[in-house]
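> Quick check, what structure comes out for this input:
(2 chains)
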Amino acid sequence: MPRRSGARPRTAPLASLALALSILIALAALPGGAAAKRASAAETVEATPAAEVAPTPAAARAAERAARRAERSAAEGEAGAASAQTVASGTSARDARQAARAEKHAEHVAKREARHTTASGAAAPSAARAGAQAVAGGAGKAQKTHLEKQREHEKLHEQRSRERETKGRLRGEGHKEREAREAREAREAEEGVEAGPSTGGAGAGQRVATAASGVSVGPGGEATSRAPSASAVASARIGRPAASSHRARGRHARNGSTGEAAGPTALTAIGLGALAAPAAGTAAGGGASASHPKHAARHGGHASESPIVKTVTQIVGVIPTALWLLIGVLAFAAAAFAVTSRLAARRAARLDRQRRSLLEDVGLLQAALLPELPERLGPVGTSAAYRPASGPGAGGDFYDVFALPEGLLAVIVGDVSGHGREALPHTTLLRYTLRAYMEAGLSPREALRAAAPALERQLGGSFATVVLASYDPRARVLTYASAGHPHPIITGLDPDAMIIAGSAPPIGTGRATGSRQTVVSIPGAATACFYTDGVIEARTAGRLYGQRRLATAVGSVRAGASDSEPAAAELLDRVSAETDRRPDDMAACLLNLAGEHAAPRVLEEQLVLDARDADGKRARRFLVAAGLGEAEIATTVARARAIAAEHGSALLELDVSGERPRVSVLQDNVAPLRARALARTQEVAL
Amino acid sequence: MQSAPENQDGSDPKEVSFLITRRELADDTSLLSVEGDLDLASAPSLKWALADLQSASSRHVVVDLSRVSFIDSTALGVLVGAQRSLDPGVKLAIACAEENVLRIFELTGLDGMFEIVPTLHDALGYVQGSTTAAG
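Numbers count the residues shown, from 1 in each chain, chains lettered A, B, ... in the order given. Prediction:
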């Protein structure tokens, strides 16, 4: 079934999407994580010696002037401080390192400034340029973006404020206060040890990014070129406390890994900035987050606080590049697979819809070709039902029930070989052709015999089984004739007791049909059920439903149904409920006859012998089945053969209404019909 | 006796085991042995097997339905179609002793259309004997 098969494709896209998503997340974590490992080692080496360099007062002053200038230019030139916040803590680590590196250079600048007693404004640009060079050289080819400069500038601002405060404190603060401050800084440094790897990682990640956009340093103008020197000044100014605090807490740092060693320095910078902030009151952008030590620590240490994230970062760090490429390819393949399978599932669903709609159309067409029956025709309750098979067997059954002149009623039920679209024109052809012959006043057998040759020419190789019946309500007599079709079931009559010998072949087999007819008296209440073989060929666990079970079902439907109820639909519902496999269409047509309880009985069986049956085998079987004696059979067959030889066909009428069956041999009345027509044509010709 | 199955009922293998075996016998005779139910599902296999026989232009054809327990209108239609499309010189006989199948042939009025004999031996005798008589 389409639905069952659809369930599996639906889960596949979800699974592959989940896989793709997880791989993509892992990929996203790659640059920061991998870079973290690379960066931490380098920073450790650089941080320590730089921090220990103490600046001269002159250099500090000169650098401060340069820094102020740079600060102004930076404020004018750069505005994107907001984004700096996200990497503020990472930048702090680099700030400290860079500051230390630039320190040395700032010293040179200061000395040079001392030598040349020109205006400080003239010295500043050169100091800035020198600072920029120092950074470019000292940072090991790592270049800075505008953004970083901006952040450094803000950091510098805080640090300068801090410097002022420190000076004031050095003047005014007592021994206890200093101890308290150092203890606080020590605490912060410890936190920084934890924050170390991640801050270093972020910083290094930034540096990687910077290398790509390194061009911006050149055309950045004065604002950018001055920024490094400004930070250099800041470093020079805070150099002593930073260095001292680092020395003081070096024990903690060195206890950790080399990567963590960068932590104290970084956090010292943060801590200092935080301390400075309240006093200066000008912290902005990246400074905002740094202005609260706890906040900063949370920001910086957020990722590393979770052991899971730490583990993942480490795992991610050791995966080789080739594997990353492979994962990327796999992720792409998974995504592509998800998309294609989703599309395939949608296409399958669409095709299934179209198929169902087409089957419905065929069903509608079939229904349009099958007539709506009146609830009753005269005294007879009529009902018909049709259950097309959903499979390839759909669309070959047809039926009709209609009133004949003089109060008679006619039934046509048939089945065309071949199914589906090609069967539909044949079903209508058969139904209307046979109806016309019936309405012309022929008996069922005569109608079949007369219509068959014409129908066979139009069936184009197909053949059809059909049963025709007429019911006379006044005489309460049902007359039916079959052409290769199952005989009707009449409640009260044993289907196995019926004479089937010499049954007529279907229409379209190349042989004359309409050669058998049965006349049944139905004096009491009974149901006559006409059906197609799809009903008795339905199966339960491989076993055929069969005529016998159908007869039982017809009996129970009759017992439970009033005349006005659609008994045929109820019958087919019951057959459907009792079977598990119905490969062919099912059609049923029911005549409900009211009356007293009186068993129906067969009055007459008719057999037409053709010249083709000249050997008499067929007539013999028929008469044997009827229970005639051998002597009577022999004389009857002999007479029939003689008549058939003379007139083309002979009719055997077997009266089985009495105690003993009586047979009479007549001329077939259909052959004279044709002969009369031929004679008339000849008269016209004369 | 039976060789490898030539056709298998694809609808439900565990429910219906249906197979057609074709054998070429002496005197230009083809034998189709059918086993299982001949119904809507297996009728196409029979149709193809008979079509192959016709294209092979065997002079004598015997369809052995001794091991067939049921035949429906579709399969009967296939047999009717084969019978009608046979060359005039080709003889076809059906070997069948199964009461159910014979009853279906009779009920549909097709018993008069085919030469239906009880045994395979009778069938072979009919198709080969009649040719000898004609020749």
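
> Leaving out chain neighbours, which residue sits closest to the closest residue to chain B within chain A?
Residue nearest to chain B within chain A (Cβ to the nearest Cβ): residue A:505, separated by 3.7 Å. Any C-beta I mention is one placed from the backbone N, CA and C, and that applies to glycine too. Spatial nearest neighbour of residue A:505, excluding adjacent residues (Cβ to Cβ, 6 or more residues apart in numbering or on different chains): residue B:109 at 3.7 Å.

> Look at that neighbour and give its secondary structure.
coil (DSSP: H, G, I helix; E, B strand; the rest coil).

> I'd like to know how far it sits from residue B:80.
11 Å (Cβ to Cβ, to the nearest Å).

> which residues are common contacts for these two?
Common neighbours of residue B:109 and residue B:80, using Cβ atoms under 8 Å, 6 or more residues apart in numbering or on different chains, are residue A:506.

> I am assuming the residue of chain A closest to chain B contacts residue B:110, so please confirm or correct that.
Yes - between residue A:505 and residue B:110 there is a contact under Cβ atoms under 8 Å: 5.4 Å.

> between these two, what contacts are shared?
In contact with both residue A:505 and residue B:110: residue A:484, using Cβ under 8 Å, 6+ apart.

> May I see the buried residues of the strand or helix carrying residue A:556?
Here residue A:556 sits within helix A:546-560, counting by DSSP states H and E. For helix A:546-560, burial by neighbour count (16 or more other Cβ atoms under 10 Å in any protein chain shown) applies to A:546-547, A:549-551, A:553-555, A:557-558.

> Output the lowest mean pLDDT helix or strand found in chain B.
Within chain B, no helix or strand scores below helix B:120-134, which has a mean of 74 by mean pLDDT, DSSP states H and E.

> give the contact list for the residue in chain B positioned nearest to chain A.
In chain B, the residue that lies nearest chain A is residue B:109 (3.7 Å; Cβ to the nearest Cβ). Neighbour list for residue B:109: A:482-484, A:502-506, A:511, A:513, A:515-516 [criterion: Cβ under 8 Å, 6+ apart].

> Quick one: buried ones out of those residues?
Buried subset of those (neighbour count, 16+ other Cβ under 10 Å): A:482-484, A:502-506, A:511, A:513, A:515-516.

> low-confidence ranges in the chain?
Unless you meant another one, I'm taking chain A. By pLDDT under 70, the low-scoring segments of chain A are A:1-150, A:152, A:154, A:161, A:163-305, A:366-369, A:390-395, A:419-421, A:558-565, A:669-686.

> right idea, wrong chain: chain B
Along chain B, the model assigns pLDDT under 70 to residues B:1-16, B:130-135.

> do the helix holding residue A:556 and chain B meet?
No - Helix A:546-560 stays clear of chain B (Cβ under 8 Å from any Cβ of the partner chain), getting no nearer than 9.8 Å.

> Which of the helices or strands spans residue A:603?
Element membership for residue A:603, per DSSP H and E: strand A:601-610.

> nope, residue A:438 is what I was after
Short version, using DSSP H and E: residue A:438 is in helix A:423-439.

> buried set for the helix or strand that contains residue B:77?
According to DSSP H and E, residue B:77 maps onto helix B:73-85. For helix B:73-85, the neighbour count (16+ other Cβ under 10 Å) marks B:73-83 as buried.

> Flag every residue of the stretch 451-600 of chain A that's near chain B.
Counting by Cβ under 8 Å from any Cβ, the stretch 451-600 of chain A sits next to chain B at A:461, A:463, A:465, A:482-487, A:500-506, A:509-511, A:513, A:515-516, A:533, A:537, A:541-542, A:544, A:583-584.

> Among these, which are located in helices?
Secondary structure assignment by DSSP state H places residue A:533 of those in helices.

> rewinding a little: nearest to residue A:403, of the buried residues of helix A:546-560?
If you rank those by distance to residue A:403 using Cβ to Cβ, residue A:558 comes first, at 22.3 Å.

> Let me see the contact set for the closest residue to residue B:25 other than its chain neighbours.
Distances taken as Cβ to Cβ, 6+ apart place residue B:31 nearest to residue B:25, at 5.6 Å, with adjacent residues excluded. Residue B:31 makes contact with B:22-25, B:62, B:64, B:120, B:124 under the criterion Cβ under 8 Å, 6+ apart.

> and if we set it to 10 Å?
B:21-25, B:53, B:58, B:60-64, B:95, B:120, B:123-124, B:127 (Cβ atoms under 10 Å, 6 or more residues apart in numbering or on different chains).

> right, quick check: stretch A:429-443 against chain B, any contact?
No - using Cβ under 10 Å from any Cβ of the partner chain, stretch A:429-443 never reaches chain B; the gap is at least 14.8 Å.

> Which residues belonging to that stretch are considered buried?
For stretch A:429-443, using 16+ other Cβ under 10 Å, the buried residues are A:429-431, A:433-435, A:437-438, A:442-443.

> Ok, stretch A:646-660 next?
Across stretch A:646-660, burial judged by 16+ other Cβ under 10 Å covers A:647-652, A:654-656.

> for chain A, what are the nearby residues on chain B?
Close to chain A, as judged by Cβ under 10 Å from any Cβ, chain B has residues B:11-12, B:14-16, B:37, B:39-41, B:44, B:69-70, B:72-74, B:76-78, B:80-81, B:83-85, B:100, B:103-113.

> Mind jotting down where the helices sit in chain B?
So, for chain B - with DSSP H - the helices run B:43-55, B:73-85, B:99-107, B:120-134.

> Okay, angle between the helix or strand residue A:348 falls within and helix A:423-439 too, please.
Using DSSP H and E, the element containing residue A:348 is helix A:321-369. Per axes from the mean of the first three to the mean of the last three Cα atoms, to 10 degrees, the angle that helix A:321-369 makes with helix A:423-439 is 10 degrees.

> now for helix A:321-369, which elements pack on it?
helix A:2-52, strand A:380-387, strand A:397-403, helix A:423-439 (3 or more Cβ pairs under 10 Å, 6 or more residues apart in numbering or on different chains; DSSP states H and E).

> again, 8 Å this time
For helix A:321-369, the contact count by 3 or more Cβ pairs under 8 Å, 6 or more residues apart in numbering or on different chains; DSSP states H and E identifies helix A:2-52, helix A:423-439 as packing neighbours.

> how many degrees apart are the helix or strand following the last one and helix A:423-439 in direction?
Downstream of helix A:423-439, the next assigned helix or strand under DSSP H and E is helix A:444-459. Here the directions of helix A:444-459 and helix A:423-439 differ by 150 degrees (the same axes, to 10 degrees).

> Return the residues in contact with the most centrally placed residue in chain B.
Nearest residue to the geometric centre of chain B (Cα atoms, centre = their mean): residue B:63, 2.6 Å. Residues counted as contacts of residue B:63 (Cβ under 8 Å, 6+ apart) are B:32, B:34, B:50, B:79, B:92-95.

> Now, the residues you listed that are in strands?
Among the contacts of residue B:63, the members found in strands (DSSP state E) are B:32, B:34, B:92-95.
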